[in-house]
Each structure stands twice: as C-alpha cells, then as structure tokens.
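predicted coordinates and the sequence they were generated for:
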Amino acid sequence: MGLNVRMNSHPAQGSIHCGSDFNRTFKWRAPDMTAYYADLPEHITLLRDTLKRFIADKSPREKARQWERDHHFPVAEFAELAELGVLGLTFDEQYGGAGRDVVAALSVIDELCTRGTALAGPFVHSAMYAGLNITESGSEQQKRELLPRVAAGKLLLAYGLSEAGRGR
C-alpha cells in the first residue's frame with residue numbers, strides 16, 4: 001500500500017495512484033490562474049519573466065528530470081539564483097535581502113516548481129522555512145551572521161521541527 005504521485009507531461013496535470021487497497025486513480029487539474037496572474041504588481045511580473053528565462057536556459061526539462069532521477073542538487077544553478085537576488089526576498093535589506101516580499105518569494109516557488117524540486121526545494125527550506133524563522137525569531141547576532149550568507153548563496157539552511165515528547 002502507498003501513495004504514488006505521477007506527473008503528466010503538462011505541469012498543471014497529474015494523477016494520484018493509490019496502492020493495492022484502493023483500486024482507483026484520482027485525476028486532478030490545476031485551476032485556471034489567469035485572473036490571478038493578470039493583477040500582479042509589475043515587479044512580480046518582471047520577476048516571473050526573469051525566472052521563466054532562467055529556467056528555460058539553466059533548467060531545461062530533460063536536465064531537470066535527470067536531476068530528479070539522480071537526486072542531484074544543482075549547486076551552480078542555485079548560486080545563479082542568488083546572483084538574481086531571489087534568495088533574499090524574505091529578508092530585510094539590512095541583512096542583505098530585498099525586503100520582506102513574501103508574494104515575490106511565493107512567485108519564485110511557483111516558477112521553480114515548473115521544473116521539479118531540485119531548485120525549488122532548497123529555496124523553500126533555506127529562504128522560506130529557515131530564513132523566515134531566523135528573520136522572525138532569531139537573535140540580532142544570528143540575523144547579522146546568517147541571513148547575508150543565505151541571500152548571497154554562501155549558506156544553505158535546513159529546517160527541522162519536532163513536537164514535545166516526540167522525535168527523541
């Protein structure tokens with residue numbers, strides 16, 4: 001028994017195949033987001049366009065699939081994301097970021113996910129989960145020491161979570 005998600009060739013379609021206890025396939029299709037994208041601020045539209053070009057150039061579909069198959073982290077391509085300034089979208093400018101623009105950061109995730117998780121996953125964990133936690137709850141020393149290095153692509157953070165009495 002298990003849950004297996006297989007993506008079709010179109011990034012907004014997929015099927016969820018359940019294990020032997022469930023002899024059925026659930027089809028889903030992403031909602032039409034045309035109206036949502038039409039009202040985005042200009043800086044978000046420019047960011048999305050820049051990321052589309054970056055993805056087309058640095059993460060073509062077959063290359064991204066190979067990264068996924070090989071469980072490969074594309075270090076050079078991730079460093080180029082830092083050069084674009086996207087790794088600091090959730091940090092204040094005084095810590096090397098671009099200000100706290102969560103809508104822009106979510107747009108980065110949306111675009112990066114069009115080619116899988118090899119770039120999107122590390123962005124989510126480092127800039128969003130861990131970075132936002134340091135931004136919101138870290139000491140001044142942690143913010144000064146860690147956030148500029150994350151924004152510059154020199155430090156990749158991970159995020160761990162446990163519950164009281166669990167995860168011993």
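In hand now; what should we look at? Since we're looking at a predicted model, the values are computed, not measured.

contacts only, for residue 122.
By C-beta atoms under 8 Å, 6 or more residues apart in numbering, the contact list for residue 122 reads 73, 78, 156. Quick note: C-beta positions are derived from backbone N, CA and C, even for glycine.

now which of these would you call buried?
78, 156 (16 or more other C-beta atoms under 10 Å).

so which strand or helix has residue 81?
helix 75-84 (DSSP states H and E).

which helices and strands does that helix pack with?
helix 42-58, helix 120-123 (3 or more C-beta pairs under 8 Å, 6 or more residues apart in numbering; DSSP states H and E).

I'd assumed residue 94 was in contact with residue 148.
No: shown here, residue 148 and residue 94 do not form a contact pair, counting by C-beta atoms under 8 Å, at 9.3 Å.

which one's more surrounded, these two?
Looking at residue 148 and residue 94 with other C-beta atoms under 10 Å, you find the greater number of neighbours at residue 148, namely 17 against 11.

so what's the predicted local confidence for that one?
pLDDT recorded at residue 148 is 96.

and for it, nearest residue in space, chain neighbours not counted?
Distance criterion C-beta to C-beta, 6 or more residues apart in numbering; nearest residue to residue 148, sequence neighbours excluded, is residue 96 at 3.5 Å.

for residue 68, same thing?
residue 116 (4.9 Å).

and that neighbour, how many neighbours?
Residues within reach of residue 116, counting by other C-beta under 10 Å, total 19.

wait, isn't it in contact with residue 70?
No: the criterion here is C-beta under 8 Å, and residue 116 misses it with residue 70 at 11.6 Å.

let me see the contact set for the most centrally placed residue in the chain.
The centroid of the chain falls nearest to residue 120 when counting by C-alpha atoms, centre = their mean (3.1 Å). Applying C-beta under 8 Å, 6+ apart to residue 120 gives the contacts 109, 112, 113.

do you know how far residue 61 is from residue 145?
Between residue 61 and residue 145 the computed distance is 38 Å (C-beta to C-beta, to the nearest Å).

buried set for stretch 53-60?
Buried, per 16+ other C-beta under 10 Å, within stretch 53-60: 54, 55, 58, 59.

wait, stretch 98-110
98, 101, 104, 105, 107, 108, 109.

show the pLDDT at the second one.
I take that to be residue 101. pLDDT, residue 101: 87.

same question, the last one
Per-residue pLDDT puts residue 109 at 93.

what helix or strand is it on?
Using DSSP H and E, residue 109 falls within helix 102-112.

so how far is that helix from its chain's centroid?
Mean C-alpha position of helix 102-112 versus that of the full chain (C-alpha atoms, centre = their mean, to the nearest Å) differs by 7 Å.
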